[in-house]
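> After the sequence you'll find the predicted model.
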Amino acid sequence: MKKCLAAIAATGLFLAACSGASESTATTPTSASSSSSAPSTTAAVTETTTPAPDGTQLLAAAASRSVLPTVGGARDYLTDAPGWTDPVDSANIGVFVPTWDQGVVDVGNGEGDGSWVHDDLRTTALVLQKVDTQVIMITADLYMLFAFDQDEIERRLREQLPPDFADAQIIISATHNHHGPDSAFSINDEWFDQAANEMVGAAMDAITNGLLPARMTSVAGEHRFGQSDQRDPLIVDPRLNVLQVLDVETGDAIATVVQWASHPETTLGWNPPGDIAAECATKGWTGDDCSADGRYFTADYPGIVRERVQAAGGGEVLYYNGALGNQIGPGRADVWQIDDAHPIGDGVAAPDGAQPVPGAADLRDRNLARTAAIGNALADHVLELIETATEVTFDDIEYRQQSFFTRLTNIGFRVLLADGDLGWQVPTVYNCTGKPFAEDNCTEDGGESVDDPLLTPLVESQIRKGDVFKTRVTWLRFGDVGFLFMPGELPPELVIGLPADFVTDTAKYFEFPEMHATGEDYAIPGALLDLVPTSQTFTVGLGGDELGYWVPLNEYRLKCMDLEIPADTGYTCQRLFDEGLLVSADAVAGPTCRALTDEPPVAPTAAQQALASVCRYGQALGRELGEPEDHYEETNAAGWDLVDDLWTAATQLFKG
């Protein structure tokens, strides 16, 4: 039963320089390569802005390394990996690797014991300097990187940085690749340690190889091929942002930065065809366990974009995901063979006569050819946009970061924390009194775990005493181009805003309006792009942290189950519903939970006690025993305050 609750969190909370074995590349001039309760708020802003005198030169360098596990201290097996050669074999999941130096390495949102490699997984670093301000941007083809794990990577990097980089700003992100080694829950510590060193190594390679006089260009477009929404309201952010850093002398690209929004999970849940009896015998897999589903490593479509743009002379490539929450991905997107007779068009509606990709039964069937079609179409668009990019001019690099506290209302997080199953490092967790949460009313819990009256006897697990995390939102600006690093999987509407006809045309945005807050009831505090001062903004999801899905408070539905309710209250879920206290027969609404949590009654009634218990357990147990219909994302969210807390922090970041 304890493993059962671990599965709640592991599948439900988010579903979901030094190594001599590194393959490193570095780009040089010649290489091509609304609620009544106040949300918790923020701690202090840190800001670094160094004005640059006229004529001061931007300097830049970039490099990358592999983050795959090793065999015999190397990654020679990559020579046998099929990669993204054209045409792609739709069913070939790659070279079989029965054992790793690091032991068993699980797949991020797949299964245990990853044993095939289709293509390389990379970490890429871009180093920029303008006068005395340096920024190091690092991405990795990984599932997610929590803030406390990023902090350890940053610490290691700072130990190696030369003295003149002592004050460099370091920003780390993951692409949210669902087919890489698990970097969140079932972590192989030895592999993570190596991967962390490779991220450090990529940054140090760039610095060691030398920064070059550089200039920037940028361009933006819209791209929809392979992008869909799977939860009401149906809203996507189609923006495609591209930035290039170019060698002043040669004009060659040092690096290309791409940002778009779609989950890299194209073959998630796909069971590759083919006979793997020999491989299963080698691994000792029998019966239903003899399967390759979720047991292979690939960078998904961002890897294709990287390879294609590099091959076209784009230098090192950093891919950033965007507002992909609630649920933006390829799942419900039609994907076809693009040709002269069946062009990409708007990327959404397949033209008459369009054919599925090779090996697929229909336009939504999953295989690696589908991944290739999505990645190649995106790469084509990136390369097309680059041809029209314009110069980015700026006198300084602006960096700001706003930290803020937010409550872990999802008790599943606290179970994982107590069991040591969340992330690589041990995070700092807080207990806070009063609102808004701030440094002066939040104290560290000292790593203490405590019994829970329901979960401890039920699943033999404790919970972390602290119930508040500290996270951050980060801003980076180059003239009229900005980067907003957002700590999780935000819904597009929180970034781009609600459409003008959202309130009046419910049918356009909701397939199941009876299950959701609609019209004016679907309230968000605002759109982040309305706060930023730049005309082009890269909005980076999983930027600096990953706190799961971000669902507006009024849209929250937490599962009501009788087992959650203390028997001495005399209440059941049906009675709560009959008395009008639930939003549906099996769910309590977010505003009810926030009111009871932020301002608990001194002498609660039996009904209030029952509701408070549903609020405490509904997110975590809902995943295990069935969440309210069309409300999966709440089980993957850290807490119902996330949207409002981030908005408060972002407002302070930009308006002071």
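The structure has been received and is ready for your questions.
> And the pLDDT for Ser36?
In this prediction, Ser36 carries a pLDDT score of 33.
> no no, Gly434
Each residue has a pLDDT score; the one for Gly434 is 87.
> before we move on, what about Gly210?
With respect to pLDDT, Gly210 scores 96.
> How about the contacts made by the residue positioned nearest the centre of the chain?
By Cα atoms, centre = their mean, the chain has its centre lying nearest to Leu542, at 3.7 Å. Under the criterion of Cβ atoms under 8 Å, 6 or more residues apart in numbering, the contact partners of Leu542 comprise 144-145, 173-176, 321, 486-489. In this view, the C-beta of every residue, glycine as well, is placed from N, C-alpha and C.
> Out of those residues, name the two that are farthest from one another.
Distance extremes for these: the farthest pair is Thr175 and Pro487 at 15.3 Å, using Cβ to Cβ.
> Can you report how many residues neighbour the nearest residue to Gln160 once chain neighbours are set aside?
Setting aside the residues directly before and after it, Gln160 is nearest to Met204 in space (Cβ to Cβ, 6 or more residues apart in numbering), at 5.5 Å. In terms of burial, Met204 registers 24 neighbours under the definition other Cβ atoms under 10 Å.
> Can you say which helix or strand has Met204 in it?
Taking DSSP states H and E as the criterion, Met204 maps to helix 189-209.
> Give the buried residues for that helix.
191-207, 209 (16 or more other Cβ atoms under 10 Å).
> Equivalent analysis for stretch 425-437, please.
Neighbour-count burial for stretch 425-437, counted by 16+ other Cβ under 10 Å, picks out 425, 427-430, 432, 435, 437.
> which one in those residues is the model shakiest on?
By the confidence score, Lys435 is the least certain of these, showing 89.
> Which strand or helix spans that residue?
Short version, using DSSP H and E: Lys435 is in no helix or strand.
> Surely it and Arg594 touch.
No: using Cβ atoms under 8 Å, Lys435 is not in contact with Arg594, being 10.4 Å away.
> So which residues of the stretch 201-350 of the chain form strands?
With DSSP state E, counting those that start in this stretch applied, the stretch 201-350 of the chain shows strands at 212-222, 228-229, 239-247, 253-260, 296-297, 316-321, 328-329, listed in chain order.
> before we move on, what SS does Gln402 have?
Secondary structure assignment for Gln402 (DSSP: H, G, I helix; E, B strand; the rest coil): strand.
> Burial check on it, number of neighbours?
When counting by other Cβ under 10 Å, one arrives at 24 neighbours for Gln402.
> Might one say that it is in contact with Ala650?
Yes: here Gln402 lies in contact with Ala650, judged by Cβ under 8 Å, at a distance of 7.1 Å.
> hey, what's in contact with both of the two?
Between them, Gln402 and Ala650 have Val473 as joint contacts when contacts are counted by Cβ under 8 Å, 6+ apart.
> just to revisit the earlier point, could you dump the strands of the stretch 201-350 of the chain into CSV and include mean neighbour count and distance to Pro566?
Putting the strands of the stretch 201-350 of the chain into CSV (neighbours: other Cβ atoms under 10 Å; distance: least, Cβ to Cβ, whole Å) gives the following:
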stretch, mean neighbour count, distance to Pro566
strand 212-222, 19, 52
strand 228-229, 22, 39
strand 239-247, 23, 48
strand 253-260, 27, 48
strand 296-297, 27, 46
strand 316-321, 27, 42
strand 328-329, 24, 39
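> Please enumerate the strands of the stretch 401-550 of the chain.
According to DSSP E, counting those that start in this stretch, the stretch 401-550 of the chain carries its strands in the segments 430-432, 442-444, 449-450, 463-464, 468-478, 481-485, 536-540.
> and Gly72, which of these is closest to it?
Of all the strands of the stretch 401-550 of the chain, strand 536-540 comes closest under Cβ to Cβ, at 36.1 Å.
> For the helix or strand that that closest one is followed by, enumerate the helices and strands it packs against.
Elements were assigned by DSSP H and E; along the chain past strand 536-540, the next helix or strand is strand 557-559. Using 3 or more Cβ pairs under 8 Å, 6 or more residues apart in numbering; DSSP states H and E as the contact test, the elements touching strand 557-559 are strand 587-589, helix 590-598, helix 606-625.
> Partner strands of strand 557-559, with direction?
With DSSP bridges as the test, strand 557-559 is paired with strand 587-589 (antiparallel).
> just how off-centre is the partner strand within its chain?
27 Å (Cα atoms, centre = their mean, to the nearest Å).
> in it, what's buried?
In terms of neighbour count (16+ other Cβ under 10 Å), strand 587-589 has its buried residues at 587-589.
> what do you get for stretch 576-594?
Of the residues in stretch 576-594, those buried by neighbour count under the rule 16+ other Cβ under 10 Å are 576-577, 581-583, 586-594.
> just the residues you listed now: which is nearest Ala253?
When the buried residues of stretch 576-594 are compared for distance to Ala253 (Cβ to Cβ), Gly590 comes out closest, at 46.1 Å.
> pLDDT score assigned to that closest one?
In the predicted model, Gly590 carries a pLDDT score of 98.
> my guess is it meets Trp640, correct?
Yes: between Gly590 and Trp640 there is a contact at 4.7 Å, judged by Cβ under 8 Å.
> Please enumerate the shared neighbours of these two.
Common contacts of Gly590 and Trp640, defined by Cβ under 8 Å, 6+ apart, comprise 551, 553, 556.
> Which residue, other than its chain neighbours, is closest to Gln230?
Counting by Cβ to Cβ, 6+ apart, the nearest residue to Gln230 once its immediate chain neighbours are dropped is Gln327, at 4.1 Å.
> my guess is the one you found contacts Glu633, does it?
Yes: using Cβ under 8 Å, Gln327 is in contact with Glu633, at 6.9 Å.
> who wins for neighbours among the shared contacts of Gly590 and Trp640?
Of all those, the highest neighbour tally under other Cβ under 10 Å goes to Tyr556, namely 29 neighbours.
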